[in-house]
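Asks: sequence first, then the predicted structure:
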Amino acid sequence: MIFSEFKDLVSKELDLRLDAYKLNRVERRVFSLMRRHQVEDLEDCLQRLQEDPSFKESFLQHFTINTSEFFRNPTSFRFLDKVVLPRLFQENQVVKIWSAACSNGSEPYSVAILINEMGIKPDRYEILATDIDLYILEAAKKGEYSYQSLLRVDTELEKKYFRPVGNERFMLDEKIKKQVRFEHQDLLKEKFQTGWNLIICRNFFIYLTKDGKDRLTQRFTRSLKPGGILFLGNTEFIFEPEVFGLKKINGSFYEKSS
Ligand SMILES: C[S@@+](CC[C@H](N)C(=O)[O-])C[C@H]1O[C@@H](n2cnc3c(N)ncnc32)[C@H](O)[C@@H]1O
């Protein structure tokens, strides 16, 4: 069986839009999983996926890469803090924020910490955080992190918002946890809510084909309010933002034209 055939069959079996992901990336993940589980070939892999629920679970787990940390790319978070958030709160009574592909929650929680530091009351904003991976969403709701996740957190903020719980692990403050609502969502299949002032989707575009990226950019733009901001990862760019009705404002920040 050739890989593209396998990919199509797996897409159906797992109800995933694998065609939107870069083929070489899917291939690398599948072969490394097969090595780990001593699966001989693609036929064998497909059969295990159909017959063994725990293998299917491992496959899904292995496929999603959950690397994340608080204030990942600090320069971008400074721009968010000093320019984007103040403007959004100045222009809107309630600011709606969506962290798409949020992983373990350190991204939406970083935003909640910044807003709390600005002295903004909880009734003036809403943060939704979504991911395809149910396990990582459970970890995100728990809000317990290793010290590596906190390496970019300022010492004062660390003292204020994290409590050591042993084994170099830290529990996030309840007040911040309450500010973020987590939901399961496949960004490549499910409908998006609309009316967002800020959509954060970082380090997910890198896994997608050009078509996959373009389609997602289009859907994000439609979900933003006019004047709303799309915040991408530091290595992710939209080459012709005006084609999508966006304008680049700084680094990985794009504004939807009014
Ligand atoms: C590398 S992490 C990015 C985490 C965070 N945004 C950051 O930049 O630190 C990529 C996340 O995308 C999620 N993901 C992969 N495919 C997805 C899909 N189709 N829909 C939603 N999330 C997906 C993975 O589960 C993973 O948590």
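Replies: Sure, I can see it. Computed from a prediction, not measured in an experiment: that's the story for all the values here. Numbering: from 1, shown residues only.
Asks: neighbours of residue 74, how many?
Replies: Here the count is done by other Cβ atoms under 10 Å, and residue 74 has 14 residues near it. (Glycine included, C-beta is placed from N, CA and C.)
Asks: now it: how far from residue 97?
Replies: 19 Å (Cβ to Cβ, to the nearest Å).
Asks: check residue 163 too.
Replies: From residue 163 across to residue 97, the span is 25 Å (Cβ to Cβ).
Asks: so, low pLDDT: which residues of this structure?
Replies: For the chain, no stretch has pLDDT under 70.
Asks: which residues touch the residue nearest the centre of it?
Replies: The centroid of the chain falls nearest to residue 101 when counting by Cα atoms, centre = their mean (2.2 Å). Applying Cβ atoms under 8 Å, 6 or more residues apart in numbering to residue 101 gives the contacts 130, 131, 132, 187, 201, 202, 203, 204.
Asks: please report phi then psi for it.
Replies: Backbone dihedrals for residue 101, given as degrees, to the nearest 10, come out at phi 60, psi 60.
Asks: what parts of the stretch 151-258 of the chain come near the ligand?
Replies: Contacts of the stretch 151-258 of the chain with the ligand, taken as Cβ under 6 Å from any ligand atom, map to 185, 186, 187, 188, 202, 203, 204, 233.
Asks: mind listing the helices in this protein by residue range?
Replies: Under the criterion DSSP state H, the chain carries helices at the ranges 3-14, 23-36, 42-51, 53-63, 74-79, 85-91, 106-117, 134-142, 155-161, 174-177, 210-223.
Asks: list the buried residues of the fourth one.
Replies: Using 16 or more other Cβ atoms under 10 Å as the test for burial, helix 53-63 gives 55, 56, 58, 59, 60, 63.
Asks: quick one: which of those residues is nearest the ligand?
Replies: Nearest to the ligand out of the buried residues of helix 53-63 is residue 63 (Cβ to the nearest ligand atom; 7.5 Å).
Asks: which one of the helices of the chain lies closest to residue 148?
Replies: Smallest distance to residue 148 across the helices of the chain (Cβ to Cβ): 10.5 Å, for helix 106-117.
Asks: could you list every helix and strand in contact with the closest one?
Replies: Counting contacts by 3 or more Cβ pairs under 8 Å, 6 or more residues apart in numbering; DSSP states H and E, helix 106-117 packs against helix 85-91, strand 95-100, strand 125-131, helix 155-161, helix 174-177, strand 180-184, strand 196-201.
Asks: which residues touch the fourth one?
Replies: Surrounding helix 155-161, the residues in contact under the criterion Cβ under 8 Å, 6+ apart are 113, 117, 150, 153, 170, 172, 173, 176.
Asks: put the alpha carbons of it into PDB.
Replies: C-alpha atoms of helix 155-161 as PDB (Å, rounded to 0.1, in the frame of the first residue of the first chain):
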ATOM      1  CA  THR A 155       9.600  36.200  38.500                       C
ATOM      2  CA  GLU A 156       7.000  38.600  40.000                       C
ATOM      3  CA  LEU A 157       4.200  37.100  37.900                       C
ATOM      4  CA  GLU A 158       5.300  33.600  38.800                       C
ATOM      5  CA  LYS A 159       5.100  34.400  42.600                       C
ATOM      6  CA  LYS A 160       1.700  36.000  42.100                       C
ATOM      7  CA  TYR A 161       0.000  33.400  39.900                       C
END
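Asks: list the buried residues for that helix?
Replies: 157, 161.
Asks: of the contacts of helix 155-161, buried ones?
Replies: Buried by 16+ other Cβ under 10 Å: 113, 150, 153, 170, 172, 173, 176, out of those.
Asks: could you dump the residues you listed into a markdown table with distance to residue 70 added?
Replies: What follows is those, written out as a markdown table (distance: Cβ to Cβ, whole Å):
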| residue | distance to residue 70 |
| --- | --- |
| 113 | 8 |
| 150 | 6 |
| 153 | 5 |
| 170 | 10 |
| 172 | 9 |
| 173 | 13 |
| 176 | 11 |
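Asks: out of these, who's nearest residue 139?
Replies: Using Cβ to Cβ, the shortest approach to residue 139 within these belongs to residue 172, at 11.5 Å.
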